[in-house]
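S.K.: just coords:
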Ligand SMILES: C[S@@+](CC[C@H](N)C(=O)[O-])C[C@H]1O[C@@H](n2cnc3c(N)ncnc32)[C@H](O)[C@@H]1O
């Protein structure tokens, strides 16, 4: 079994390697469902004229661009990531999108956001939190940069534990995904995905970690029989 890379530098290097084929493989491996989930996330971002929005672990910027499209009323959009190659792709996609709102894309870890306290009305992280080495620290940072009452949206995979769906997902995550990922991109990175999902919080653990950090979970959605979840948490 592949070990979870223990350092942020190794995780960044891995995402640098998969960046060129990242969007293509996302669409292929999720049968384009990822775009539907990103739209659902954007729909849960609160309406805030001149609002400020942060997308952490933004990758190639898909969620940030979706939110920008759904929320033209927001006045400032910030995307951060630790992979320079992913951010470079995000920058070209933002430039090609013709967005009117100011967008900043910055190389920055979710564990130590170089951003002011209580600045953002909403923060999101999609398929990113499981990659963060110190997840509790990242949750504390999201809490710090949100305004009181601000909304945190987390989109993430969770491996179903029992039953036929669990067996199907294990097979898909451990066999199909590394096989297809290996054909088009970096096989080791696509072997790491199931490992990272397996070592992530359970839905209950995430709810507790959010509560302990000062958030209250107020809603969410579940897709693929619970294998993918969108969690909406509000800063108390
Ligand atoms: C699976 S991708 C998800 C990208 C994007 N959010 C999406 O939905 O397609 C995970 C991203 O998390 C980033 N990442 C990993 N650890 C991070 C950290 N500590 N802080 C910020 N970004 C991180 C990676 O560089 C990568 O771009």
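M.R.: Done, it's in. Here the structure is a predicted model, which is why all the values come from computation and not from measurement. Residues are numbered from 1 along each chain as shown.

S.K.: Now for residue 189, how many residues are close by?
M.R.: Look at residue 189: counted by other CB atoms under 10 Å, it has 21 neighbours. From N, CA and C alone the C-beta is placed, and that goes for glycine too.

S.K.: for the residue in the chain that the ligand sits nearest to, helix, strand, or coil?
M.R.: Residue of the chain nearest the ligand, by CB to the nearest ligand atom: residue 59 (2.5 Å). Secondary structure state of residue 59, per DSSP: H, G, I helix; E, B strand; the rest coil, is coil.

S.K.: Centroid-nearest residue for this structure?
M.R.: residue 126 (1.7 Å; CA atoms, centre = their mean).

S.K.: May I see the buried residues of stretch 165-176?
M.R.: Of all the residues in stretch 165-176, those buried under the rule 16 or more other CB atoms under 10 Å are 169, 173-174.

S.K.: Got phi/psi on the residue of the chain closest to the ligand?
M.R.: The phi/psi pair for residue 59 (degrees, to the nearest 10) reads phi 60, psi -130.

S.K.: What distance do you get for residue 42 to residue 74?
M.R.: Residue 42 sits 11 Å away from residue 74, going by CB to CB, to the nearest Å.

S.K.: and for these two, which residues touch both?
M.R.: residue 67 (CB atoms under 8 Å, 6 or more residues apart in numbering).

S.K.: So which residues of this structure form helices?
M.R.: For the chain, applying DSSP state H gives helices covering 8-29, 33-44, 62-70, 84-97, 135-145, 163-171, 177-184, 187-198, 203-213.

S.K.: I'd like those laid out as JSON lines, including distance to residue 104.
M.R.: Below are the helices of the chain laid out as JSON lines (distance: least, CB to CB, whole Å):
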{"stretch": "helix 8-29", "distance to residue 104": "19"}
{"stretch": "helix 33-44", "distance to residue 104": "19"}
{"stretch": "helix 62-70", "distance to residue 104": "10"}
{"stretch": "helix 84-97", "distance to residue 104": "10"}
{"stretch": "helix 135-145", "distance to residue 104": "14"}
{"stretch": "helix 163-171", "distance to residue 104": "36"}
{"stretch": "helix 177-184", "distance to residue 104": "31"}
{"stretch": "helix 187-198", "distance to residue 104": "27"}
{"stretch": "helix 203-213", "distance to residue 104": "25"}
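
S.K.: now, of those, which is deepest in the fold?
M.R.: Across the helices of the chain, averaging neighbours per residue (mean count of other CB atoms under 10 Å) puts helix 62-70 on top, at a mean of 22.

S.K.: any low-confidence regions in the protein?
M.R.: Across the chain, the stretches falling below the confidence threshold (pLDDT under 70) are 1-6.

S.K.: Show me what from it comes close to the ligand.
M.R.: 8, 11-12, 15, 56-59, 62-63, 80-83, 86, 109-111, 126-128, 131-132 (CB under 6 Å from any ligand atom).

S.K.: what about the longest strand anywhere in the chain, distance to the chain center?
M.R.: Counting residues, the longest strand found in the chain (DSSP state E) is strand 146-157. In terms of CA atoms, centre = their mean, to the nearest Å, the centre of strand 146-157 is set 11 Å apart from its chain centre.
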